[in-house]
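>>> I'll drop the sequence and a predicted model, then ask my questions.
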Amino acid sequence: QMLKIYHVPGTRSVRPIWLAYELDLEFEIVPIDFSSAYRDSLEWRSISPAGKVPALTDGDIAMFESGAMVEVILDRYGEGRLRPKKRDG
């Protein structure tokens, strides 16, 4: 499943989007409706249980904190770019 970043202009979704571009990843930007009605919907809460924006899905994970998204993207796809690789053990 492709990395998806759920985006509303003017939110912190620019962080993981920027990183995905910097790492030259294949990913999808999914624009969402920022209305409270949509953010309270079951559809959105299935992606972002707290109703927050941005959100990210990538295979087996779904998350909504932009800082954590950056860490996950670097862990999964960074390969030592933009920060040193994590050491084993």
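Structure received. Numbering: from 1, shown residues only.

>>> Packing partners of the longest helix along the chain?
In the chain, with assignment by DSSP state H, the single longest helix is helix 66-77. Contacts defined by 3 or more CB pairs under 8 Å, 6 or more residues apart in numbering; DSSP states H and E place helix 66-77 against helix 14-22, strand 55-58, strand 61-63. Heads up, the C-betas are built off the backbone N, CA and C, glycines and all.

>>> ok now the shortest one, how far from the chain's centre?
Chain-centre distance of strand 61-63: 8 Å, with CA atoms, centre = their mean, to the nearest Å.

>>> For it, buried residues please.
By neighbour count on 16 or more other CB atoms under 10 Å, the buried set for strand 61-63 is Met63.

>>> What residues of stretch 53-73 count as buried?
For stretch 53-73, burial by neighbour count (16+ other CB under 10 Å) applies to 53-58, 63-66, 69-70, 72-73.

>>> Distance of Tyr21 relative to Thr11?
16 Å (CB to CB, to the nearest Å).

>>> the more surrounded of those two?
Neighbour tally, Tyr21 and Thr11, criterion other CB atoms under 10 Å: the higher count belongs to Thr11, 15 against 11.

>>> Return the residues in contact with the more buried one.
By CB atoms under 8 Å, 6 or more residues apart in numbering, the residues touching Thr11 are Phe34, Val53, Pro54.

>>> Also Asp58?
By CB under 8 Å, 6+ apart, the neighbours of Asp58 are Gln1, Met2, Leu3, Lys4, Val72, Ile73, Arg76.
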